[in-house]
Structures are given as structure tokens and as C-alpha cells.
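Engineer: generate coordinates for the sequence data below:
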Amino acid sequence: MKKFLIILLLISPIHTSQALSITDIVDWAKPLMPWYEQQPELTFELIDIKGNVFTEKNTEGKYLVVNFWATWCTPCLKEIPAFVKFYKENSDHVEILGLDFEPVNIEIINEFIERFNINYPIILYDHRNDSEYSNFGEILGMPTTQIYSPEGELLQTFMGEVTIEDLNKFIIPIS
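Structural biologist: So this is what the prediction gives:
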């Protein structure tokens, strides 16, 4: 990080006369940073319990919140009301996908959805979806929540319970 700051300080006087943004400078400096790894472009195709297909293409233009959860996970259960409320208020510019991370039958999931009044799409860990889960990277614990920008850039990954305040830090409301 120190090397990066030194590079920026050295090139800053050169580039300020050209009115470049910090993004332009960082893009210019990336080849000088061998440790920098470009994030791969997010691609996925998930089918929810109602048969709706979600891809990076049909969620583009909205913030995407991907929540990995399980029915046995206490922090997962505690955060569901926040997701329900947030989705109710922001579904015009946010898509939440609840990815159940356990093999469980549809009857149990339907009872769970009804009990918690879940209003966002739920994706089952089944033969149609399980290979797509790895497109979101390695999931080390439950719950794990990823927030993507409307352009598909990963903004934040949370491990543990997420609150509405956490979501509001990364998702800009439509004015």
C-alpha cells in the first residue's frame, strides 16, 4: 500500500494538469502493481423456487444483494426481517437473492418463506443451481452477504448478520 501511495504522489503533479480523476490514475498505475488482481466479471444463472431465472444480465442496472443462508443458521434467521423490510422499500433499484446453502426439500423452504414473510427470490441449492454458487467465490460461513453495484462490481462482502444500516452504507437510494 505504501508503494501505491508513493506512486500516486509521484505522478500526481504530472496528471493534475490533465484533469484526470483518481480512477484514471489508479487505472494508469495498475500495471505497476504486480500484486493487483483484476476481479473476474460476475456471471451466473440461478433459478428461484418459482422458476424465475436470474442472471448478471437481467439484474444489471440494480444493486444486487446475494445472501447465502441456511434454515439452521441463527444469525441468518435474525437478518431476514431486515432483508424483507429493505426489499419492500427498495425493490425498484435493488434485487435481493436468497441462496439457501443446504440441500433441503421445497416443503421446508415454503414453510420457512411463509413463517418469515420473505418477499424476495429464494434460490434452492439443488441440481439446477449448485454449480452456479461457486461463481460468487468461496463461502466460508453462514450467513455471507455480497453487495454488487448496478454495474456488477463487488462493493462489499459481509460474514455474519447484516442490518439495514449495513445495506444503506453501500446502496444509494434513488432520489
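Engineer: and the gap between Pro75 and Glu89?
Structural biologist: If you measure Pro75 against Glu89 using Cβ to Cβ, to the nearest Å, the figure is 22 Å. Heads up, the C-betas are built off the backbone N, CA and C, glycines and all.
Engineer: tell me which of these two has more neighbours.
Structural biologist: Shown here are Pro75 and Glu89; by other Cβ atoms under 10 Å, Pro75 has more neighbours (14 against 11).
Engineer: secondary structure class for that one?
Structural biologist: What DSSP: H, G, I helix; E, B strand; the rest coil gives for Pro75 is helix.
Engineer: residue contacts, the nearest residue to it once chain neighbours are set aside?
Structural biologist: Leaving aside its chain neighbours, Pro75 sits nearest to Glu161 (4.2 Å; criterion: Cβ to Cβ, 6 or more residues apart in numbering). Taking Cβ atoms under 8 Å, 6 or more residues apart in numbering, we find Glu161 in contact with 75-76, 78-79, 143.
Engineer: same check on Phe170?
Structural biologist: Phe170 makes contact with 63, 147, 155-156 under the criterion Cβ under 8 Å, 6+ apart.
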